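[1] Take a look and give me a structure for this.
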Amino acid sequence: MVHGVFIGVLALFGIAWTWFVWAFTFLTSYMWVVRLRQVGEHAVVPDLYDPDVRANTRTVEAPRWQRFLVAPNNVNYHLEHHFMAGVPCYNLPKLRSLLKGQGLLDNVPSVTGYGQVLKMAVLR
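    Residues are numbered from 1 along each chain as shown. From the prediction side, this is the model:
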């Protein structure tokens with residue numbers, strides 16, 4: 001019912017087709033992207049059950065095109081988000097450099113893209 005009302009409102013504006021674009025994306029690529037991000041954030045980490053976020057979470061230092069397609073708004077800085085959840089998304093890269101500068105990320109494995117994450121998940 002809600003979607004019907006939404007389509008009706010969009011139709012009033014002459015853009016009902018946008019709902020179908022959203023639905024197609026939601027049922028196809030969106031689910032793949034969300035799953036890929038979940039694997040990147042919490043799968044194949046040193047110790048998933050360790051209370052230290054440096055062991056149970058990771059940041060994927062992805063190239064710009066991967067951040068655009070898979071991880072907008074700096075969601076790839078997931079370790080930093082768990083470390084200090086109140087930091088706005090636009091300051092997460094600064095938090096990462098601050099943590100690195102203080103040596104708090106010295107023993108944390110580095111991942112440089114979602115391809116590397118998938119390789120790690122498949123080979124494990």
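[2] can we go C-alpha only for contacts and neighbour counts from here?
    Fine.
[3] Would you map the helices across this structure?
    Using DSSP state H, the helices of the chain run over residues 2-12, 17-27, 29-42, 53-56, 64-69, 78-83, 92-101, 114-123.
[4] Tell me the helices and strands packed up against the third one.
    Counting contacts by 3 or more C-alpha pairs under 8 Å, 6 or more residues apart in numbering; DSSP states H and E, helix 29-42 is packed against helix 114-123.
[5] Give me the residues contacting the helix it packs on.
    36, 39-40, 43-44, 60, 62, 66, 111 (C-alpha atoms under 8 Å, 6 or more residues apart in numbering).
[6] rewinding a little: please identify which of the helices of the chain is closest to residue 107.
    With C-alpha to C-alpha, the closest approach to residue 107 among the helices of the chain belongs to helix 53-56: 8.5 Å.
[7] I'd like the C-alpha coordinates of that closest one written as PDB, please.
    What follows is helix 53-56, C-alpha atoms only, in PDB (Å, rounded to 0.1, in the frame of the first residue of the first chain):
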ATOM      1  CA  VAL A  53      37.600  -3.200  17.300                       C
ATOM      2  CA  ARG A  54      41.100  -3.500  15.800                       C
ATOM      3  CA  ALA A  55      40.700  -7.300  15.700                       C
ATOM      4  CA  ASN A  56      37.000  -7.600  14.900                       C
END
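[8] can you give me how far that helix is from the chain middle?
    Relative to its chain's centre, helix 53-56 lies at 16 Å (C-alpha atoms, centre = their mean, to the nearest Å).
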